[in-house]
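Q: This is a predicted model, with the sequence first.
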Amino acid sequence: MGLVSKGWGSGLIGVIIFSASLPATRVAVSGLSPMFLTSVRAVIAAVLAVAALILWRQTRPSPRDLPSLAIVAAGVVIGFPLMTALALQHITSARSIVFIGLLPMATALCGVIRGGERPRGAFWLFSCAGSLLVALYAWSQTAEGTLTGDLLMLAAILVCGLGYAEGAVLSRRLGGWQVISWALLLSAPVMAGLAVGTWPSDWTQVTIPVWLGLGYVSVFSMWVGFVFWYRGLALGGIAGVGQLQLLQPFFGLALAGLVLREPVAWSMIAVTLLIVACVAGAKRFA
């Protein structure tokens with residue numbers, strides 16, 4: 001198996017792990033504030049990251065890598081988790097998952113800007129088609145969401161795409177799991193301070209499902225998923241492998257329906273199937 005194929009395989013594992021992030025966040029914010037959830041999940045993941053860095057005796061990144069690590073931290077450690085947690089107070093996880101279909105386009109554009117990639121014209125055709133499907137569907141379902149929730153999700157997609165692309169470029173030098181680990185460590189002091197400042201005064205609403213949601217987004221969404229995802233982007237290409245995120249709504253909608261018992265309309269399933277076709281086309285021409 002070539003490096004590109006390994007990259008696509010690793011990226012797919014990352015997408016599957018990330019697919020449960022929004023449903024798990026939806027559960028977690030039912031008992032925890034968005035700010036506390038965002039900060040404490042980063043602190044928990046940072047503990048795992050530090051342990052891994054020490055265990056495998058990783059050398060510290062050079063000073064020239066710090067600005068890029070700061071961008072990664074701002075995008076995927078702070079920005080995306082916080083904005084999605086806020087958005088999920090206004091919209092369902094099923095609706096928020098549809099917006100994830102815009103993430104491949106954001107990642108591809110940032111890959112061109114930050115990573116110097118140049119996909120073929122047909123790639124952009126399929127990528128734009130997939131993103132357009134998502135956008136049209138989201139705006140057509142006005143009864144299921146609010147403008148505030150939608151705008152928060154769009155902002156989350158933009159900062160996350162930048163964090164993905166920047167992390168992928170860094171992964172070529174530092175390694176995939178090392179990038180997210182150093183980014184978590186870099187943001188740990190700020191996030192620990194926020195966690196203390198937003199510490200819940202009443203823990204009675206923190207039920208077992210809330211604890212499970214917190215555990216998932218802390219361990220898997222915040223660290224394990226990135227181990228596979230950044231490796232996939234580095235080996236298979238930012239723009240190409242990034243299109244796998246178009247499959248994330250398919251997995252996420254299934255989880256939202258099965259775990260959260262949220263209604264999943266037939267139109268959501270139809271849009272997701274069309275998006276899968278766009279991924280296949282984008283992969284071929286990446």
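A: All right, it came through fine. Everything numeric here is computed off the predicted structure, so don't read it as measured data.

Q: Low-confidence stretches in the stretch 1-150 of the chain?
A: 1, 138-139, 141-145 (pLDDT under 70).

Q: Please, where are all the helices along it?
A: 3-19, 21-28, 34-55, 66-72, 80-87, 93-99, 103-115, 121-140, 147-174 (DSSP state H, counting those that start in this stretch).

Q: right, so of those helices, which gets closest to Ala282?
A: Judged by CB to CB, the one of the helices of the stretch 1-150 of the chain that comes nearest to Ala282 is helix 121-140, at 4.2 Å. In this view, the C-beta of every residue, glycine as well, is placed from N, C-alpha and C.

Q: then the closest one to PDB, C-alphas only?
A: Taking C-alpha atoms only, helix 121-140 is exported to PDB below (Å, rounded to 0.1, in the frame of the first residue of the first chain):
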ATOM      1  CA  GLY A 121      -9.900  21.800 -11.800                       C
ATOM      2  CA  ALA A 122     -12.300  18.800 -11.700                       C
ATOM      3  CA  PHE A 123     -11.500  18.400  -8.000                       C
ATOM      4  CA  TRP A 124     -12.800  21.900  -7.300                       C
ATOM      5  CA  LEU A 125     -15.900  21.100  -9.300                       C
ATOM      6  CA  PHE A 126     -16.800  18.100  -7.100                       C
ATOM      7  CA  SER A 127     -15.700  19.900  -3.900                       C
ATOM      8  CA  CYS A 128     -17.900  22.900  -4.700                       C
ATOM      9  CA  ALA A 129     -20.800  20.700  -5.600                       C
ATOM     10  CA  GLY A 130     -20.600  18.900  -2.200                       C
ATOM     11  CA  SER A 131     -20.300  22.200  -0.300                       C
ATOM     12  CA  LEU A 132     -23.200  23.700  -2.300                       C
ATOM     13  CA  LEU A 133     -25.400  20.800  -1.500                       C
ATOM     14  CA  VAL A 134     -24.700  21.300   2.200                       C
ATOM     15  CA  ALA A 135     -25.300  25.000   2.100                       C
ATOM     16  CA  LEU A 136     -28.600  24.800   0.200                       C
ATOM     17  CA  TYR A 137     -29.900  22.100   2.500                       C
ATOM     18  CA  ALA A 138     -28.900  24.000   5.700                       C
ATOM     19  CA  TRP A 139     -30.600  27.200   4.600                       C
ATOM     20  CA  SER A 140     -33.700  25.400   3.400                       C
END
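
Q: What are the buried residues along that helix?
A: For helix 121-140, burial by neighbour count (16 or more other CB atoms under 10 Å) applies to 123-124, 126-127, 129-131, 133-135, 137-138.

Q: go on, stretch 235-249?
A: Buried residues in stretch 235-249, counting neighbours by 16+ other CB under 10 Å, are found at 235-249.

Q: Could you find the closest non-adjacent residue to Pro209?
A: Leaving aside its chain neighbours, Pro209 sits nearest to Val27 (5.2 Å; criterion: CB to CB, 6 or more residues apart in numbering).
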